[in-house]
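Asker: Quick one: sequence plus predicted model below, questions after.
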Amino acid sequence: MGKGLFTIDSSISRDPLTAPIVRKFAANVNQFFQEFSSAFVKLSSSNVLTKENGEVARKCNQVN
């Protein structure tokens, strides 16, 4: 119950650029979690701008 793929999950496994990465992590789940946790720490330590210092993107693919 509740198991399925998001469209992006399915797409990255078939894309020629990302499929090798998917296979690498599928073959070594420990490496996936090691690299994911490293990226998560880096992302969470960045200084996010908020309130008057930040900017909300009205369209994610364009600069306001």
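Answerer: Structure's in. What do you need?

Asker: Quick check: which helices or strands does the least confident helix or strand in the chain by mean pLDDT pack against?
Answerer: When the helices and strands of the chain are compared on mean pLDDT, DSSP states H and E, helix 7-14 comes out lowest with a mean of 88. Secondary-structure packing of helix 7-14 (3 or more CB pairs under 8 Å, 6 or more residues apart in numbering; DSSP states H and E): helix 19-27. For every residue, glycine as well, the C-beta is placed using N, CA and C.

Asker: relative to helix 7-14, how tilted is the helix it packs on?
Answerer: Angle, helix 19-27 to helix 7-14, by axes from the mean of the first three to the mean of the last three CA atoms, to 10 degrees: 100 degrees.

Asker: got the buried residues for the helix or strand that helix 19-27 is followed by?
Answerer: Once the chain leaves helix 19-27, the next helix or strand it forms, by DSSP states H and E, is helix 29-44. By 16 or more other CB atoms under 10 Å, helix 29-44 has no buried positions at all.

Asker: how distant is helix 29-44 from the center of its chain?
Answerer: Averaging C-alpha positions (CA atoms, centre = their mean, to the nearest Å) puts helix 29-44 10 Å from its chain's average.
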